[in-house]
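Student: here is a sequence together with a model predicted from it:
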Amino acid sequence: MTTTMTTTTANGLATSAAEQSSIRAAFEPGNLHSTLWLLVAAGLKRPAIMPAQQSQTKYEAIMTEKQIWVDADACPRAIKDILFRAAERMSVRLTLVANQPVPVPGSAHIRAVQVAAGFDIADNYIVQHAMAGDLVITADIPLAAEVVDKGCLALNPRGELYTAENVRQRLNMRDFLDSLRASGIDTGGPPALSSSDRQQFANQLDRLLAK
């Protein structure tokens, strides 16, 4: 019978002798895995391994806990610009999801994901990939409800923060307005985004990222 020796590492994980050998190899100078192990031991919630050919700076920038996801197809350009500046200033990962190309500035913190065209494809991508504690920017109330249920924060482009309580009220109102429109009643549309809306969004975004 073969006996396997195990040891408990600093982060409380039991490792076999073979695993210990792999860990020692990971700590060789210049090995990106050494940074990964150090961050895991420190309690990082979301480790990720970048390809070896990418720079250490870009690798460290992506090792961040809080992420921002943007429902980008309907997101106003002025709001995107506020998000771009905030992502750079706060070193927060920002991902814009759309079914068409979205121009983004060159940055280790910012990326765009283009999904296939189709109803709710972008929304479903965000729901699948966003994690509890992430921030989702959307004016789509059903999407906001889904991500709030996952433990995410949801903020609309006018700076209104959705909660488990108010998002249900918004859903009921949306469904009511949809029924009116289906019966031929013109309910109008939302007003244009104002400068006060943009300022409220920027202020709320800063508060959320500072937490």
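Tutor: Now that the structure is in, tell me what you want to look at. Numbers count the residues shown, from 1 in each chain.
Student: mind checking pLDDT for Val127?
Tutor: Here the pLDDT value assigned to Val127 is 98.
Student: secondary structure of it: a strand, I assume?
Tutor: No: Val127 is assigned helix when assessed by DSSP: H, G, I helix; E, B strand; the rest coil, not a strand.
Student: contacts only, for it.
Tutor: Contacts of Val127 were listed using CB atoms under 8 Å, 6 or more residues apart in numbering, and they are Leu143, Glu146, Val147, Lys150. From N, CA and C alone the C-beta is placed, and that goes for glycine too.
Student: in this structure, which spans are strands?
Tutor: All strands of the chain, identified by DSSP state E, fall at 6-8, 14-16, 67-71, 93-98, 110-114, 135-137, 153-155, 161-162.
Student: quick revisit: show me the contacts of Val127 that map onto helices.
Tutor: Cross-referencing the contacts of Val127 against helices under DSSP state H gives Leu143, Glu146, Val147.
Student: ranking by neighbours, what's the top pick from those?
Tutor: When neighbours are taken as other CB atoms under 10 Å, the top entry among the ones in helices among the contacts of Val127 is Val147 (26 neighbours).
Student: hmm, it is touching Ile137, no?
Tutor: No: counting by CB atoms under 8 Å, Val147 stays clear of Ile137, with 10.3 Å between them.
Student: next, show the common contact partners of these two.
Tutor: Common contact partners of Val147 and Ile137 (CB under 8 Å, 6+ apart): Trp69, Ala154.
Student: what's the burial count for Leu153?
Tutor: If we define neighbours as other CB under 10 Å, then Leu153 has 22 of them.
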